[in-house]
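> pasting the structure only:
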């Protein structure tokens, strides 16, 4: 048994909103020397492409835990709120 | 949609539902707002609910009514390295009969049940309702605006029970500045499917008895700990990892959890288990010194939103504090209605009741604990020391034995340093 985040949609349920609840100014991330979001996010929503110097954020598998909101030291978020009512992660048991 | 109430509670978790229940039972017209499709859908925690003394007046036989998995009779503390582990186990017959001291629960079931009790008492539950902002009128909070059709709900008093990031408290001006990563832990959890009979055999349990295990060590030097709890026919395995320490590490939370799953002693306990669900949430672990302002004009803050959480390493308390604070905020709102005064001064009875209760007394007592737990030696050197001493005590290898004193001194010097141990024993004693 292993946690494989490529399969997260097989074990955790989501009702994905097309309008993301978190938005990022990626130019701010280019100037960041820490990018702690890429290692701290428990759902691996943030990936840094070193070759193209580009941050990619995908909100689909976001667990709404709040980690990125706390670890971002550059205030890169242009929006950070919880999804609209009824959208986002839906825990069944946990 | 009706939009005027006597009180609005933001968040139908343990704090919010306890507040709504208290107020509804006293006859107030309460709106209980929940952003999920049902209460508990968005909520996760490690898995052990401590005894909820705050609700025992309302539910004297709580254990016959609330949905729980197992009641905890066995508490284990384990020091772990990559290949070995040393455990202390406390199995207590007194914990095997009601009132039980703690239970494993599932939040989507438990929180939903608690919110339903508030509804039965007369509260209006509004699901799919994310709060976008507070309504300020004449310098006081007069209601909330929803992230849905620009809907506004109005009440003379709002209770912010919207969880650890509490944007409601922040927008009301009760919390300023950024959160410190050192004060927050990310809790990640794997729910693992396992037949009841297998759990009973592996953990030495019968009937609905449950076991909890807190594990220190084997986190690649990251400040944090691991928990393993037994549900009725599943296990909750997870970690709480301090974000300040995670920022400095190149490890991800799921790498650390996967590493733990492969640790030989853990692997034996999990063998045959299947992953059912993966979840994560922040834990406000900074203690008394990270508390926001608890009261403003027309607003009170309860539960995780107020950072009411105690993390000592031995006990992880949150829901019991949340529920107690919700009940007290509810009582303060009832008193404010009787006075028809919702000013900060009037609602300050909430703060006073919290200070007189175990909630703020315990938070004050454990005020130094978060600082003590910032000591990196706890998470790697001490587990290594304990396991390595045990290894030498039990090892028969044809070499003459050292006296226990000599062995301990040599190991302490080799693994941690004598000065460090003395300093840590002193600060540990002061903090706990």
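Received, thanks. This one's a predicted model, so the numbers in the text were calculated from it and none came from an experiment. Residues are numbered from 1 along each chain as shown, chains lettered A, B, ... in the order given.

> spatially central, which residue of chain A would that be?
residue A:45 (3.6 Å; Cα atoms, centre = their mean).

> am I right that it is in contact with residue A:62?
Yes - counting by Cβ atoms under 8 Å, residue A:45 does reach residue A:62; the two are 5.5 Å apart. For the C-beta atoms, the positions are set from N, CA and C on the backbone; glycine is no exception.

> residue in chain A nearest to chain B?
Per Cβ to the nearest Cβ, the residue of chain A with the smallest distance to chain B is residue A:85, at 3.1 Å.

> how about the backbone phi and psi for that residue?
phi -50, psi 130 (degrees, to the nearest 10).

> buried ones in whichever strand or helix holds residue B:359?
Using DSSP states H and E, residue B:359 maps to helix B:358-365. Buried positions in helix B:358-365, judged by neighbour count with 16 or more other Cβ atoms under 10 Å in any protein chain shown: B:359, B:360, B:362, B:363.

> which of those lies closest to chain A?
Nearest member of those to chain A, counting by Cβ to the nearest Cβ, is residue B:363, at 20.4 Å.

> now for that closest one: which residues touch it?
B:287, B:288, B:291, B:308, B:310, B:321 (Cβ atoms under 8 Å, 6 or more residues apart in numbering or on different chains).

> now, these that are in helices?
residue B:321 (DSSP state H).

> how far does the worst-scoring helix or strand of chain A on mean pLDDT sit from its chain's centre?
Least confident helix or strand of chain A, by mean pLDDT, DSSP states H and E, is helix A:8-11 with a mean of 93. Helix A:8-11 sits 16 Å away from the centroid of its parent chain (Cα atoms, centre = their mean, to the nearest Å).

> specify the local secondary structure of the residue lying closest to residue B:142 once chain neighbours are set aside.
Using Cβ to Cβ, 6 or more residues apart in numbering or on different chains and skipping residues adjacent in sequence, the residue nearest residue B:142 is residue B:135, 4.8 Å away. Following DSSP: H, G, I helix; E, B strand; the rest coil, the label given to residue B:135 is strand.

> surely residue B:135 touches residue B:150?
No - applying Cβ under 8 Å as the test, residue B:135 and residue B:150 come out as separate, 11.6 Å apart.

> which of those two has more neighbours?
For residue B:135 versus residue B:150, neighbours defined as other Cβ atoms under 10 Å in any protein chain shown are more numerous around residue B:135 (17 against 8).

> beta-bridge partners for that one, please?
residue B:143 (DSSP bridges).

> pLDDT at it, what is it?
Looking at residue B:135, its pLDDT reads 98.

> how about the residues of chain A that lie near chain B?
A:1-3, A:5, A:8, A:11-12, A:15, A:34, A:36, A:39-44, A:63-67, A:69-71, A:81-86, A:88-94 (Cβ under 8 Å from any Cβ of the partner chain).

> 7 Å instead, please
By Cβ under 7 Å from any Cβ of the partner chain, the residues of chain A that approach chain B are A:1-3, A:5, A:8, A:11-12, A:34, A:36, A:39-40, A:42-43, A:63-67, A:69-71, A:81-86, A:89-94.
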